[in-house]
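# with the input below, show me the fold.
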Amino acid sequence: MEGMLKPGSLEGKTIIVTGGGTGLGRSMGKYFLQLGARLVIASRKLDVLQQAARDLEAETGGKVLALACDIRKYEDVEKMIADSEAAFGAVHGILNNAAGNFISPTERLSHRAFDTIVDIVLKGTYNVALAAGKNWIERKQPGVFLNIVTTYAWTGSGYVVPSACSKAGVLALTRSLAVEWAKYKIRSNAIAPGPFPTEGAWSRLLPGDLAKKFDPAQRVPLKRVGEHQELANLAAYLMSDYSAYVNGEVITIDGGEWLRSGGEFSDLEHIPDALWDQMEKARQRTS
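Residues are numbered from 1 along each chain as shown. So this is what the prediction gives:
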């Protein structure tokens with residue numbers, strides 16, 4: 001799979017990617033670099049970010065700034081934006097990609113587990129949107145928000161209730177700010193990806209043979225999962241000036257999965273209690 005935009009499509013732009021050191025955030029950030037952007041990657045794990053920054057610079061020849069930031073803390077977010085501007089002069093786009101999830105029957109979750117997901121996904125996204133938006137408005141500078149949501153933001157889904165609640169909130173935020181802040185030349189859009197597995201992601205969420213038993217490709221009418229470049233192509237388009245008239249949209253890229261079955265994780269009702277016990281113990285060991 002090749003990149004779809006012409007070279008230089010993001011030349012002169014600085015883009016912040018939260019959760020940009022690993023997985024899909026890294027893949028999208030890499031393509032932004034290949035198109036000429038300057039990149040800021042942010043998360044709580046500075047050592048991971050610094051290694052990713054070195055690797056991305058070596059792979060693309062671009063400029064990458066790694067910043068430790070806990071997006072649950074508004075002061076951290078303000079500092080992330082200020083440090084980005086100090087390094088690159090201005091920030092032109094933000095990809096709200098940082099996320100968290102627990103796959104579990106809701107009654108097995110503590111209120112703290114619920115808070116953890118809501119704080120990262122919803123609170124973290126509105127912290128970034130509010131701090132960046134205020135900054136752009138004060139500077140009279142256009143900007144672009146691109147938020148990663150899910151199809152179960154509008155269908156709902158069992159077994160991922162904290163994530164579903166949070167992503168629904170992010171989708172509402174996206175559409176609301178698209179209307180309110182368009183007068184400031186700030187666009188807001190979202191992408192709802194289907195299965196785009198990253199290394200180890202599904203094995204962490206569904207340990208042992210469960211990852212094979214609930215193979216996400218079998219739920220997709222195209223009978224495959226997505227390639228990272230496919231998602232990166234869409235993200236780059238929505239960050240670029242080519243999408244200047246696209247505002248308030250959520251674009252689904254899932255091979256038709258949600259149209260076929262909706263509620264991405266609802267089929268997990270077939271997992272017996274003994275396996276839920278096993279998964280809960282494994283999660284406690286890694287938390």
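# contacts for stretch 73-88?
Applying CB atoms under 8 Å, 6 or more residues apart in numbering, the contact partners of stretch 73-88 are 14, 16, 38, 40, 42, 63, 65, 67, 69-71, 91, 127-128, 130-132, 135. The C-beta positions use only the backbone N, C-alpha and C, and glycine is treated the same way.
# would you show me how to pick out the buried ones of those in PyMOL?
Typed into PyMOL, the line below selects the buried ones among the contacts of stretch 73-88, using 16 or more other CB atoms under 10 Å:
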select buried, resi 14+16+38+40+42+63+65+67+69+70+71+91+127+128+131+132+135
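# among the contacts of stretch 73-88, which ones are in strands?
The members of the contacts of stretch 73-88 that map onto strands under DSSP state E are 14, 16, 38, 40, 42, 65, 67.
# I figured the fourth one hits residue 16, correct?
What it means is residue 40. Yes: look at residue 40 against residue 16 with CB atoms under 8 Å: they come within range, at 4.4 Å.
# which neighbours do the two have in common?
80, 84, 91.
# who's in contact with the spatially most central residue of the chain?
In the chain, the centroid-proximal residue (CA atoms, centre = their mean) is residue 97; its distance is 2.2 Å. Neighbouring residues of residue 97 by CB under 8 Å, 6+ apart: 17-20, 24-25, 28, 148.
# now tell me which helix or strand of this structure has the poorest mean pLDDT.
The helix or strand of the chain with the lowest confidence, counting by mean pLDDT, DSSP states H and E, is helix 201-205 at a mean of 61.
# what residues does stretch 166-175 touch?
Contacts of stretch 166-175 (CB under 8 Å, 6+ apart): 96, 117-118, 120-122, 125-126, 129, 145, 147, 149-150, 152-154, 156, 188-190, 248, 250.
# using CSV, list the CA coordinates for that stretch.
The C-alpha coordinates for stretch 166-175 follow below in CSV (Å, rounded to 0.1, in the frame of the first residue of the first chain):
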residue,chain,number,x,y,z
SER,A,166,-16.0,8.2,26.0
LYS,A,167,-15.8,7.9,22.2
ALA,A,168,-19.4,9.0,21.9
GLY,A,169,-18.5,12.1,23.8
VAL,A,170,-15.5,12.7,21.6
LEU,A,171,-17.7,12.4,18.5
ALA,A,172,-20.2,15.0,20.0
LEU,A,173,-17.2,17.3,20.7
THR,A,174,-16.0,16.9,17.2
ARG,A,175,-19.3,17.9,15.6
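# in that stretch, what counts as buried?
By neighbour count with 16+ other CB under 10 Å, stretch 166-175 contains the buried residues 166-171, 173-175.
# for the stretch 151-287 of the chain, what spans make up the helices?
152-155, 161-180, 201-205, 210-213, 228-239, 257-261, 273-286 (DSSP state H, counting those that start in this stretch).
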